[in-house]
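>>> I'd like to go over a predicted model; first the sequence, then the structure.
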Amino acid sequence: MLKYRGNIRDQWVDFKYWGLNWLAILGLVATNPYRVVVSLFKYPWIYDLLKTNNLVKRYNEGRSGTALLLSNLNVHRVVQGVVRSLKNIVHGTKDTVLANCMVPTEIYQAMDLKYFMTELPAALLPMEDQHTCDKYMDLIENNGLPGDTCSYPRITAGVFAAGEIPRDVKVLISNNLPCEAGMASYGYYEDNLNVPAYRLDIPYNFKDEDALDLFVEDMRGMIAFLEKHTGHRMDWDRLREILTRYNRMNELELERWEMAASGTPPLANENIWITHFWNYNIDPGNSESSAWYEETHKIIRKAYERKEPALKDLRFRAVLWNPPTFAYAHFWNWLERCWGIACLNDMESFGHFEDMFIDTSTNGTMLKGLARKWCNATMARHTRGPMENYLPDLWHMYEKFNADFILVAGHIGCRSSSAMTGVMKEQAQKKGIPFCIFDYELMDSRVCSHQGIRDQISNFMFNVMKAKPLDESLLVIDDDSEW
Amino acid sequence: MKKLKEMEFFEGLLDSPRNPLVDEALSQGRTAVGCNCYLVPEPLLSMGGAFPVRLRAPGAGSTELATHYLSPFICSYARSILENALDGAYDFLGGLVFASSCTHITRCGQHFDQLDIHAGREGFFTHFLDTPRKLYEPGFAFMAKDLRRAAQKMAQSCGMDAGDEALSEAIRRHNAFNALLRRLSDLRKEEHPRITGTEFHTVMVASKTAPKDMLLGPLKKLVAAAEKREGIKDFRARVMVVGSIFDNPRFTELIEEQGGLVVADRYCFGSLPGLEEIGEEGDPYESLARHYLTTCECPRMMEKLKDREGSLKRWAGEFRADGIIFETMKFCDLWGYEAVSGVPKLRDSGMPVVRIEREYAFVGEGQLRTRVQAFIELIEGKRLAKALAG
């Protein structure tokens, strides 16, 4: 149930989005109740998505004003996007493209294709409930997958092994992003699906023009493959519209960063991360994303002009490196309330820069721009390719956001970032930058519990930052069995 | 079975990356070029007086320093190589050509530059090959161009000719050497093979870590001696070893001590693939790119899972393997997923398969011995059951 927030305005925001989220979910049911019921049996993980309003509650404990409104808006946008994605499987999958999470989805949209991201359950479920994916990880480990691989593809493979990913799809599209485990997992799906498949190969050194041109060629191959197997044609004018919207979003994103870098950052923590994660990575370029960006931007701009910071009691400015803790989605809220920490940017968001605007003048320039965009997308830019892609961005981000320290989420299943830890430590020490590497497993809280994460950060705050918590009662919380 | 005296020469080359033949070549003013993967074409590094040395870490033990840099979650091959490098074990190299083959090897290679491991060495060069993960025409052309860039760096550094004719000549020499190795390899296909898996493994590793031209004479003698030898009869089962980096013949010896005869080697440092003839017509750089990408059987290649399964079945048939030991290196995601898809398929086809997760260094001998013993008993049990049923 909704707890009284102490003022009518915040209460109304809470209530409004609580209701809107349920309405969006019920909207899916209303499209075809029979098929929704059938889908609940076929894809039982959909039940867990009903915990969304509880996630909002966890994100927003103790928040008010703009931060509360933004968080509600962000999650509602995700709910709308998820409902749209679910429609592509609930209403039959024979025409659906099953796709890896990091394939240029703008192309599907331009071709008017139905698509479903294979990793959607893995991306969302651990945020809703930390233990809901344990069964999938156990299942695939029992099928022979080593338990030390990254839990993101491991959960996806588990959901697939459980038969809860649609199999009677039109085609399978994948690539080698964001990491090797993700890429390798698609061999397993391809082997079991028996549908035509296309694999995009993102080059290692994607800053090299030849490599980028090779990727463009590969995307042309993907378009030709989709045209052949789906009967849909590429609509270049539609792609231009999508990319024009993307360019506008990029403009707004850069402005947001400027505001976040100010002395009174109007947005922080998951209000930065989730925005980027969903609108750039999972569901980019569509009109909803773009409209949502415009709407929230006005709110952020007003808060910035009023000098209203995202946190009531902002004690520390930080940047977060490596992917955030999916199995502890509301970790940000603890950072805020226990220590007054505002993460003003993070690795998953920090990849799109001034040179990421796409030239929409010709089909070729659009493809090249898209290629560059996806090579620099979430994870892709940093956790693969030459080493220079990884650390300079971190130091740049630290300076740009005037951070007090760096939080490094040491995801033990991420080979590529783990292998940078030593050099990162040495460089940070040389630069005199305080940093905290906390070990955890992206989506498996059995490896490192919520309290385990909190303890590591608290130790750093006590011993390195010599800080006192804002609320000592939050240092130890018994939440191992909670969502 | 009596040991071939010709083997001693090859065995003496495996104790250190800087083996006697490497020393001799260096004293002649030749350049050793380090590489880390099958995808770095050996003929490319064999132009002029250069010769390739595939990086190994014989006798690898503790990897404390490398673990600090790479973390404990990177495979122990990559950590052992970096540890060896930090200890100066590769200081004799004149350059390095790495392939962006997998995350572990790539990150390991990047640390050579990042930590300035060869700082101050005059003329030292490094090149990272951007190796495509799929087979398509633009990819072959792209890799060929990249190979040319690597060759130019080598040429500048070693003062050698990296022209098309020089590479064609290196390919011809490589093919001739491999033809000889194939004769040796084919002896394993016989009902009573005339070479053990350990012997063949030793020769393969030596051939990747010493100048091939200097190995030619000893190899000819070995092939002649092996061809005259009587076939091996005292084994309990013929096995194929499948997996990633496997460069220590002691592992093979352990399998053979339990009565398994290793007749086929589908692993890095093995001969499947590795001994195929490279096309000598047309642009040699393009020929190399096409050859190495096409023959690569590593799960890093995205689109070849079904082909790889087919290759394993084909090789198991050709070499008359009774069972497969599927060895994967701890923390290797590529082989981890490959096993999830591949092992059940092989078992469904009636092939006994055991999956062993291991470290790079020769550790856990007792456990390994027990598992191999049990596997050989399983093969024998199946054979007996089949005979009784038939």
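Nice, thanks for sending it over. Predicted, not measured: the structure shown is a model, and the values here were computed from it.
>>> Could you give the number of residues near the closest residue to B:Gly49 other than its chain neighbours?
With sequence-adjacent residues excluded and distances taken as C-beta to C-beta, 6 or more residues apart in numbering or on different chains, B:Gly49 is closest to B:Arg30, at 4.0 Å. For the C-beta atoms, the positions are set from N, CA and C on the backbone; glycine is no exception. Using other C-beta atoms under 10 Å in any protein chain shown, the number of residues around B:Arg30 comes to 20.
>>> Spit out the contact partners of B:Arg30.
B:49-51, B:211 (C-beta atoms under 8 Å, 6 or more residues apart in numbering or on different chains).
>>> Out of these, which end up buried?
Neighbour-count burial within the contacts of B:Arg30 applies to B:50-51, B:211; the criterion is 16 or more other C-beta atoms under 10 Å in any protein chain shown.
>>> Out of these, list just those in strands.
Using DSSP state E, B:Phe51 are the members of the buried ones among the contacts of B:Arg30 that sit in strands.
>>> Tell me how far stretch B:82-102 lies from the chain's centre.
Per C-alpha atoms, centre = their mean, to the nearest Å, the displacement of stretch B:82-102 from the mean C-alpha position of its chain is 16 Å.
>>> That stretch close to chain A?
Yes. Using C-beta under 8 Å from any C-beta of the partner chain, stretch B:82-102 reaches chain A at B:100, B:102.
>>> Give me the three-state assignment for B:Phe98.
Under DSSP: H, G, I helix; E, B strand; the rest coil, B:Phe98 falls in the strand class.
>>> Mind putting the buried ones among the contacts of B:Arg30 into TSV with distance to chain A and pLDDT?
Formatted as TSV, the buried ones among the contacts of B:Arg30 follow (distance: C-beta to the nearest C-beta, whole Å; pLDDT from 0 to 100):
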residue	distance to chain A	pLDDT
B:Ala50	24	95
B:Phe51	26	97
B:Pro211	29	97
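>>> What residue in the stretch 151-300 of chain B comes nearest to chain A?
In the stretch 151-300 of chain B, the residue that lies nearest chain A is B:Pro299 (6.1 Å; C-beta to the nearest C-beta).
>>> Was I right to think that residue contacts A:Tyr186?
No. The criterion here is C-beta atoms under 8 Å, and B:Pro299 misses it with A:Tyr186 at 11.1 Å.
>>> Tell me, what's the model's pLDDT at residue 57?
I went with chain A, as the question did not name one. You'll see A:Lys57 listed with a pLDDT of 93.
>>> should've been chain B
96.
>>> quick one: contacts for it?
B:17, B:77, B:80-81, B:83-84, B:89, B:360.
>>> for B:Ala289, same thing?
Contacts of B:Ala289 (C-beta under 8 Å, 6+ apart): B:140-141, B:143-144, B:147.
>>> which SSE is it in?
Element membership of B:Ala289, judged by DSSP states H and E, is helix B:284-295.
>>> and the helix or strand following that helix with chain A, contact?
If you walk from helix B:284-295 toward the C-terminus, the next helix or strand you reach (DSSP H and E) is helix B:305-318. Yes. Helix B:305-318 reaches chain A (C-beta under 8 Å from any C-beta) through B:305-306.
>>> mind listing what's buried in helix B:305-318?
Of all the residues in helix B:305-318, those buried under the rule 16+ other C-beta under 10 Å are B:305, B:308-309, B:311-313, B:315-316.
>>> Would you check that B:Phe319 makes contact with B:Arg238?
Yes. Using C-beta under 8 Å, B:Phe319 makes contact with B:Arg238 at a distance of 7.1 Å.
>>> shared neighbours of the two, which are they?
Common neighbours of B:Phe319 and B:Arg238 (C-beta under 8 Å, 6+ apart) are B:Val263.
>>> I'd like to know how many residues surround A:Leu474.
For A:Leu474, using other C-beta under 10 Å, the count is 17.
>>> What of the one 4 residues further on?
Using other C-beta under 10 Å, A:Asp478 has 8 neighbouring residues.
>>> Can I take it that it is in a strand?
No. Under the criterion used here (three-state DSSP), A:Asp478 is coil, not part of a strand.
>>> Excluding sequence neighbours, find me the nearest residue to it.
A:Gln451 (7.9 Å).
>>> doesn't the one you found fall inside a strand?
No. Using three-state DSSP, the assignment for A:Gln451 is helix, not a strand.
>>> what sits against the closest residue to chain B within the stretch 201-350 of chain A?
Residue of the stretch 201-350 of chain A nearest chain B, by C-beta to the nearest C-beta: A:Tyr204 (3.7 Å). A:Tyr204 makes contacts with A:211, A:384-386, B:100, B:106, B:128, B:130-131, as judged by C-beta under 8 Å, 6+ apart.
>>> and what of A:Gly62?
Taking C-beta under 8 Å, 6+ apart, one finds A:312, A:333, A:336-337 in contact with A:Gly62.
>>> just the residues you listed: which has the poorest pLDDT?
For the contacts of A:Gly62, the weakest pLDDT value sits at A:Lys312, with 89.
>>> What count of nearby residues applies to that residue?
A:Lys312 is flanked by 15 other residues according to other C-beta under 10 Å.
>>> The closest residue to it other than its chain neighbours: neighbouring residues, count only.
The shortest distance from A:Lys312 to any residue other than its chain neighbours is 7.4 Å, reached at A:Ser64 (C-beta to C-beta, 6+ apart). When counting by other C-beta under 10 Å, one arrives at 17 neighbours for A:Ser64.
>>> Distance-wise, check A:Ser64 relative to chain B.
Applying C-beta to the nearest C-beta, to the nearest Å, the value for A:Ser64 to chain B is 41 Å.
>>> A:Tyr440 now?
Distance, A:Tyr440 to chain B, by C-beta to the nearest C-beta: 13 Å.
>>> which ones are touching that residue?
By C-beta under 8 Å, 6+ apart, the neighbours of A:Tyr440 are A:325, A:327-328, A:409-412, A:447-448, A:452-453.
>>> for A:Ser481, same thing?
Here A:Ser481 is in contact with A:His131 (C-beta under 8 Å, 6+ apart).
>>> Am I right that it is in a strand?
No. Assignment of A:Ser481 by three-state DSSP gives coil, placing it outside any strand.
>>> Return the residues of the stretch 1-150 of chain A in contact with chain B.
A:140, A:143-146, A:148-150.
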